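Engineer: sharing a model prediction with you, sequence too.
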Amino acid sequence: METILVLCAGGLISGESALLLLSMTYPSTAPWSTTKNVTLALTDICLGPLLAGLALFGGSHALGWLFCGAAGVLLVTHSIREVEYLAGSGKRFAMNVGLFVFNNVRICLLAASLGAFFGLLS
Amino acid sequence: MPDPVTVLVVDDEPSICDIVQKILEPKGYRVRVARHGLEALKVLAAETINCVVADLVMPNMDGITLAMKLHESYPNLPTVLISGQVDVKAASIQALAPLLNSETSCLLKKPFDSADLLDAVQRALSRARP
């Protein structure tokens, strides 16, 4: 259950950000294409698979804390997008309602993954 | 030989400043860059600027406030305001309406290409220098 949860979170996070990066940064003058948004997307693309990989193969205590750190960073970066959207920031990552809803789904999955890590769901 | 037309590009996003610079400089424009509205006002006070290309969403002083200040202090200065799809809210459009109705200002929507930008700058300049 825990592994499936983390695989969903990692896959969704890296997959959506990869799609955004491919579709929203062309042309280079596109409104989404800012240094901040690209950095956030790259963070997702790097940390999403790391989460999934650690859930599948990381058994040791140290790797567990690495998982916890990666999920924590992702929670912070997703919270930034949440605040941006709610504040109506002009160059926000979640440009529309769909991306905002998706961001919430990802936050829930991340929180559930962290909860599972700490044994709160067992 | 006449002095080149100097365009002040105001955007907090370095990549957009680079793109605008790369489009305008080969066409003979001299480009100055400012990262936000306050910096733009300092440049305007210190140098002769013929046209301003400003993003609407910036830290410290956004493009709308900058445009209003330019309209007050430099009413004949051609201004091209760059906007993303989510940048312009209804209230902002209302605030911008008097500026955009003026002869020297125009709005350029992101994403734009080199032809769009050159056209907007040339239109703004020609309106200011009939």
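Structural biologist: Thanks, I have it. Residues are numbered from 1 along each chain as shown, chains lettered A, B, ... in the order given.

Engineer: and after the helix or strand of chain B with the lowest mean pLDDT, which helix or strand comes next?
Structural biologist: Within chain B, no helix or strand scores below helix B:90-101, which has a mean of 62 by mean pLDDT, DSSP states H and E. Downstream of helix B:90-101, the first helix or strand assigned by DSSP states H and E is strand B:105-109.

Engineer: moving C-terminal of that next one, what's the next helix or strand?
Structural biologist: Of the helices and strands lying after strand B:105-109 in sequence (DSSP H and E), the nearest is helix B:114-128.

Engineer: list the buried ones in that next one?
Structural biologist: Neighbour-count burial for helix B:114-128, counted by 16 or more other C-beta atoms under 10 Å in any protein chain shown, picks out B:Asp116, B:Leu117, B:Ala120, B:Val121, B:Ala124, B:Leu125, B:Ala128. Every C-beta, even on glycine, is put in place using the N, C-alpha and C of the backbone.

Engineer: how about stretch A:71-85?
Structural biologist: Neighbour-count burial for stretch A:71-85 flags A:Ala71, A:Leu74, A:Leu75, A:Thr77, A:His78, A:Arg81, A:Glu82, A:Glu84, A:Tyr85 (criterion: 16+ other C-beta under 10 Å).

Engineer: these in helices, which ones?
Structural biologist: Judged by DSSP state H, those include A:Ala71, A:Leu74, A:Leu75, A:Thr77, A:His78, A:Arg81, A:Glu82, A:Glu84, A:Tyr85 as members of helices.

Engineer: pLDDT and distance to chain B added to these, as CSV?
Structural biologist: Shown next, in CSV, are these (pLDDT from 0 to 100; distance: C-beta to the nearest C-beta, whole Å):
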residue, pLDDT, distance to chain B
A:Ala71, 93, 29
A:Leu74, 96, 23
A:Leu75, 95, 24
A:Thr77, 96, 19
A:His78, 97, 19
A:Arg81, 96, 13
A:Glu82, 96, 16
A:Glu84, 93, 10
A:Tyr85, 93, 10
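
Engineer: make JSON lines from those residues and add distance to B:Ile23 to it.
Structural biologist: Formatted as JSON lines, those follow (distance: C-beta to C-beta, whole Å):
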{"residue": "A:Ala71", "distance to B:Ile23": "42"}
{"residue": "A:Leu74", "distance to B:Ile23": "37"}
{"residue": "A:Leu75", "distance to B:Ile23": "40"}
{"residue": "A:Thr77", "distance to B:Ile23": "32"}
{"residue": "A:His78", "distance to B:Ile23": "35"}
{"residue": "A:Arg81", "distance to B:Ile23": "31"}
{"residue": "A:Glu82", "distance to B:Ile23": "35"}
{"residue": "A:Glu84", "distance to B:Ile23": "29"}
{"residue": "A:Tyr85", "distance to B:Ile23": "31"}
